[in-house]
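Novice: here's a sequence, model it:
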Amino acid sequence: MKLIPALFAGAALVAASAAFADSRIFIIANQPDGYGIDQCLARSEKCGAPAAAAYCQSREFAQAVGFRRVDPDEITGAVPKSSNPACAQGGCSEYVAITCQR
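Specialist: Okay, here's the model as predicted:
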């Protein structure tokens, strides 16, 4: 009879860990906004944390657990490579990955 409470406790632990494991990575275009937030996100600086948190909360996630610049080569075929020469000089959008967790 002592086995049944242990099974319920184990099932509750598994359910709780599954809830915490619910995370998603969002890839967004990082475009200059005039406030410098874009650079904070792309460089994973502390000043980007509020923007990342707000992004996650707007998508009904509790928190942002990470954010960083993403190279277009990491996004397998989803982002076309530009032939614009200005892109080589930093004139094009970068992409940012924001990891959100429930």
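Novice: residue boundaries of the helices in this structure?
Specialist: 3-20, 37-42, 49-58 (DSSP state H).
Novice: by contact count, what packs against the second one?
Specialist: Looking back up the chat, that one is helix 37-42. Contacts defined by 3 or more C-beta pairs under 8 Å, 6 or more residues apart in numbering; DSSP states H and E place helix 37-42 against strand 23-30, helix 49-58, strand 63-70, strand 94-101. All C-beta atoms are positioned from the backbone trio N, CA, C, and that covers glycine.
Novice: one more time with 6 Å, if that's ok
Specialist: In terms of contacts (3 or more C-beta pairs under 6 Å, 6 or more residues apart in numbering; DSSP states H and E), helix 37-42 is packed against strand 23-30, strand 94-101.
Novice: nearest to Leu41 among those strands would be which one?
Specialist: Of all those, strand 94-101 sits nearest to Leu41, with 4.6 Å by C-beta to C-beta.
Novice: got the angle for that closest one vs helix 49-58?
Specialist: 60 degrees (axes from the mean of the first three to the mean of the last three C-alpha atoms, to 10 degrees).
Novice: lowest average confidence across the helices of the chain, which one?
Specialist: Comparing mean pLDDT over these, the weakest stretch is helix 3-20, at a mean of 53.
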